[in-house]
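**Q** just the structure for this:
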Amino acid sequence: WTWAGCADRCLDAHLGHACGLAKSETGVVWTGGDDGLIKAWDLRVGEAACTVVSSIPAPRGAVWAVATRGNIVAAGATNASIAIWDVRAMGAGRDAHLRIGSAHEDAIAGLAFSPDGDTLISSSFDSSIKLWDPRGSATATPRMEDAAGGEGR
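**A** Got it, this is the predicted structure:
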C-alpha cells in the first residue's frame, strides 16, 4: 500500500513532534506537540491563528492529545494531566482555564468529547479510560473511576 496523494502545504507546527490534532466545528484545527504548546490554525491562511502556552502543572509535559467541542478545547499531556480552556475567554482578559489537573497515573494517550459535549473521555498509558464533566471545577473528580469499572486490568 502506498500513499498516492501529495500535500497541498506543510506547516512547521511545533518544535519536536506534532502529536495531538483536533478540528473544531468552525474549521479551526488545534494541535499539540512535544514543545508543550497548543496551537490553533486557520488553514485558510496557513499560519497559526493563535498560540496558547500550556499551563499544565510541572513537570511540564508534551501535549499528546487534543479534543475540541464548541468553545471548549482540552489537552492531555505526558505528565498525566488534562487542561481545559474556554476559547471565548482567550484574548478577552478573562481566565480561560476551566480546569487543570492530574487525571491519570501515566501519559494521556487520547481525548474525545461525547456528541453532546457533556462528557470528556480520556485514555491513558495507565490502561484506563475515564469520563469527565468538562465544565467541572479544578478539583472535580471523574464521573466514574474508569469506564471499565476497574476491570480488565
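**Q** now the residue nearest to T78 when sequence neighbours are not counted: how far from I72?
**A** The shortest distance from T78 to any non-neighbouring residue, by C-beta to C-beta, 6 or more residues apart in numbering, is to G61 (3.8 Å). Using the backbone N, CA and C atoms, a C-beta is placed for each residue, glycine as well. Using C-beta to C-beta, to the nearest Å, G61 is found at 20 Å from I72.
**Q** list the contacts of I72.
**A** When contacts are counted by C-beta atoms under 8 Å, 6 or more residues apart in numbering, I72 touches I84, W85, D86, V87, L98, F113, G117, P134.
**Q** now list the buried members of these.
**A** Taking 16 or more other C-beta atoms under 10 Å as the criterion, what is buried in these is I84, W85, D86, V87, L98, F113, P134.
**Q** helix/strand/coil for the last one?
**A** I take that to be P134. coil (DSSP: H, G, I helix; E, B strand; the rest coil).
**Q** what is the neighbour count of the nearest residue to it once chain neighbours are set aside?
**A** Closest residue in space to P134, ignoring its immediate chain neighbours: L120 at 4.4 Å, by C-beta to C-beta, 6+ apart. Neighbour count for L120, taken as other C-beta atoms under 10 Å: 27.
**Q** quick check, pLDDT for L120.
**A** L120 carries a pLDDT value of 91.
**Q** that one: what's it in contact with?
**A** With C-beta under 8 Å, 6+ apart, L120 has these contacts: A67, A74, I82, I84, L111, A112, F113, S114, L131, W132, D133, P134.
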